[in-house]
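S.K.: Just a sequence and a predicted model for now, questions to come.
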Amino acid sequence: MTERFRVTYATLTADNPGLHAAYEDGVRAARNRLGATIAPIIDGETATGGEPAVLRSPGDTALVLAEVRPATDADVARAVAAARAAAPAWAATPWRERLAVLRRAADLISERSPELAAIMTMEVGKNRLEALGDVEESADLIRYYCDQVEAHDGFDRPMATIAPRETTRSVLRPYGVWAVISPFNFPMALAAGPAGAALAAGNTVVLKPSLQGSFSALLLTECLLDAGLPAGVLHLLPGGDEPGRALVAHPGVDGLTFTGSTAAGEAITRAFAGPAICEMGGKNAAIVTATADLDDAALGVARSAFGLSGQKCSACSRVYVEASVHDAFVERLVKHAETFAVGDPLLPGTYVGPVIDAGAVTRYEDVVAHARSAGRVAAGGATMTELGGFYVAPTVVTGLPLDDDIFRRELFLPLVAVAPVASAEEGIALANASPYGLTAGFFSGEQSEIDLFLARVEAGVVYVNRPAGATTGAWPGVQPFGGWKASGSTGKAGGGPYYVQSYLREQSQTVVTS
Ligand SMILES: NC(=O)c1ccc[n+]([C@@H]2O[C@H](COP(=O)([O-])OP(=O)(O)OC[C@H]3O[C@@H](n4cnc5c(N)ncnc54)[C@H](O)[C@@H]3O)[C@@H](O)[C@H]2O)c1
Ligand SMILES: N[C@@H](CCC=O)C(=O)O
């Protein structure tokens, strides 16, 4: 019997024949589901939705995946009303029963992972290992939040007593209806994580995925409902930004989690009066000092810059290298950029799949043209749409002024800019000179430099000397993942020990007995 595989982002080189065979089976199963209609699911029933949109694969633009019938304002209102109606019973369900359902759902996600991953590959262009990782992360996020609720005994604890016959408990209780608005790039994990935390905490959930992530969101919804989640407890509202806006504006939503761009997240924070967990963009830097292992540094940067075509909030898009090793580092990085296989993400050897849409290709062309005039394109720079999808080459840019737009703006492309600096200290200062503060990486052989980095760097997720990913690849229960500054609104990180509490409010219960 083939050994069951387990993919995380840090083990993406896993070369297990069983994994590939299972994924191929998943592709066959996924093909049978193509042509599906994805419409709102409210109270377990599929609604009609609005004007259909055709969902195509970014890796093969001739491939039609599904027809999406976006949620209308009326669907949003019905879903919120249904979630409100179901909230008291779900909150009153003993937490052990809630967790049992969610753990069953996590196991279903793991069992179905080859098919879910194959559909995700077609839907957003993730290579097979990234897609399997996203699916397994979804299951592990749900498991982790269940474990947290259990470890805290349902967040119900006795407090001190200061008067006779009086006892007090501190109890964390759910808010009610929680909206989850998720992005395209982790179409399952970033829906499953917030939804899992909200549900484990006892809230009901209305999920509005990214339009391009609609299929993964449907498959996640199926796993949760098949596991026995009551139909009123989770509702799916596919569509573009419009149903998201309607949800944010709806007075029946008690709390929300948004993951996406900083511009949208800031607009939502301004518009929404209740608790809003917003996880947003990044402009993540790696710093390489003269004492670093340059092979590790180049591999770690390449994986974080080009994995998922640079479309991770955690992607490494700028590198500050001590001047004496700048050229040697760039030479190694260029080699990776030129050898990472670009192409159909369904194929086993592909590392870099497509970018998400035609707009991203145009953005790439504009940025490359600017890089050619303001600096030097040391590797890549070409679009590869002749492959049948939105393909662009992994790109390394050098020689830019340190205040160039490419060092400042989140591009969400497989493009990384490298600049020489005088010292680790200057690299850290430049890394911090950004409104964002999501992830950062550091490569050095000197403990005092590492200590300096850890003491000063302004980012929520930081890595030292990590060839598996300079700035990417957090795993639930291992690396809590959340942004500082303009990258995150709460200072508490997903997959970490303080997260599920954000979906609960504290009630102090004092009872005097006669
Ligand atoms: N910090 C993180 O954990 C994290 C993780 C993944 C992605 N991201 C960020 O997400 C962005 C890429 O994803 P995207 O292109 O899907 O982001 P996006 O902001 O365009 O959309 C994210 C989601 O929000 C919805 N939306 C957009 N505007 C809205 C509004 N005004 N009101 C309500 N809903 C709205 C979209 O329909 C989608 O479902 C990048 O900036 C990336 O850095 C952050
Ligand atoms: N959690 C992922 C990034 C999610 C954002 O896009 C990582 O750690 O690389």
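M.R.: Alright, I've got the coordinates. Residues are numbered from 1 along each chain as shown. Ligands and ions are numbered 1, 2, ... in the order given.

S.K.: separation between Leu402 and Leu225?
M.R.: Counting by Cβ to Cβ, to the nearest Å, the separation of Leu402 from Leu225 is 51 Å. For the C-beta atoms, the positions are set from N, CA and C on the backbone; glycine is no exception.

S.K.: who's more crowded, the two?
M.R.: The neighbour count for Leu402 versus Leu225, taken as other Cβ atoms under 10 Å, is higher for Leu225 (19 against 15).

S.K.: Look up phi and psi at that one.
M.R.: Dihedral angles of Leu225 (phi, psi; degrees, to the nearest 10) stand at phi -70, psi -40.

S.K.: That one: what's it in contact with?
M.R.: Applying Cβ atoms under 8 Å, 6 or more residues apart in numbering, one finds that Leu225 lies in contact with 41, 44, 231, 234.

S.K.: before we move on, what about Pro187?
M.R.: Pro187 sits in contact with 120, 123-124, 134, 209-210, 212-213, 215-217, where contact means Cβ under 8 Å, 6+ apart.

S.K.: okay, those in TSV with neighbour count, distance to Ala81 and secondary structure next?
M.R.: Shown next, in TSV, are these (neighbours: other Cβ atoms under 10 Å; distance: Cβ to Cβ, whole Å; DSSP: H, G, I helix; E, B strand; the rest coil):
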residue	neighbour count	distance to Ala81	secondary structure
Met120	29	31	helix
Glu123	29	30	helix
Val124	32	31	helix
Asp134	27	32	helix
Pro209	30	20	coil
Ser210	27	24	coil
Gln212	23	28	helix
Gly213	25	25	helix
Phe215	27	26	helix
Ser216	31	26	helix
Ala217	27	21	helix
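
S.K.: now these as CSV including pLDDT?
M.R.: Converted to CSV, the contacts of Pro187 look like this (pLDDT from 0 to 100):
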residue, pLDDT
Met120, 98
Glu123, 98
Val124, 98
Asp134, 98
Pro209, 98
Ser210, 98
Gln212, 98
Gly213, 98
Phe215, 98
Ser216, 98
Ala217, 98
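
S.K.: and which of the residues you listed is nearest Asp60?
M.R.: Out of those, the one with the shortest distance to Asp60 is Glu123. That distance is 11.3 Å, counting by Cβ to Cβ.

S.K.: which one is that closest one nearest to, not counting chain neighbours?
M.R.: The shortest distance from Glu123 to any non-neighbouring residue, by Cβ to Cβ, 6 or more residues apart in numbering, is to Phe215 (4.9 Å).

S.K.: measure the one you found to ligand 1 for me?
M.R.: Computed as Cβ to the nearest ligand atom, to the nearest Å, the Phe215 to ligand 1 distance reads 14 Å.

S.K.: shaky segments in this protein?
M.R.: Applying pLDDT under 70 to the chain flags the ranges 1-5, 11-15.

S.K.: sec struct for the nearest residue to Pro52 once chain neighbours are set aside, please.
M.R.: The spatially closest residue to Pro52, leaving aside those adjacent along the chain, is Glu67, at 4.6 Å (Cβ to Cβ, 6+ apart). Under DSSP: H, G, I helix; E, B strand; the rest coil, Glu67 falls in the strand class.

S.K.: Quickly list what Glu67 is bridged to.
M.R.: On the basis of DSSP bridges, Glu67 takes part in beta bridges with Thr37, Val54.

S.K.: List the residues that contact it.
M.R.: By Cβ under 8 Å, 6+ apart, the neighbours of Glu67 are 35-38, 52-55.

S.K.: quick one on the thing from earlier: compile the contacts of Leu225 into TSV and extend it with columns for secondary structure.
M.R.: As requested, those are arranged in TSV below (three-state DSSP):
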residue	secondary structure
Ile41	strand
Gly44	coil
Ala231	helix
Leu234	strand
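
S.K.: which among the residues you listed end up buried?
M.R.: 41, 234 (16 or more other Cβ atoms under 10 Å).

S.K.: Now the contacts of Leu225 in TSV, please, with extra columns for distance to ligand 2.
M.R.: Below are these laid out as TSV (distance: Cβ to the nearest ligand atom, whole Å):
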residue	distance to ligand 2
Ile41	25
Gly44	30
Ala231	30
Leu234	22
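
S.K.: Redo the contacts of Leu225 as CSV? Include distance to Trp178.
M.R.: Putting the contacts of Leu225 into CSV (distance: Cβ to Cβ, whole Å) gives the following:
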residue, distance to Trp178
Ile41, 16
Gly44, 18
Ala231, 17
Leu234, 10
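
S.K.: Could you check how far the residue nearest to Glu123 is from Arg56?
M.R.: Using Cβ to Cβ, one obtains 11 Å as the distance from Phe215 to Arg56.
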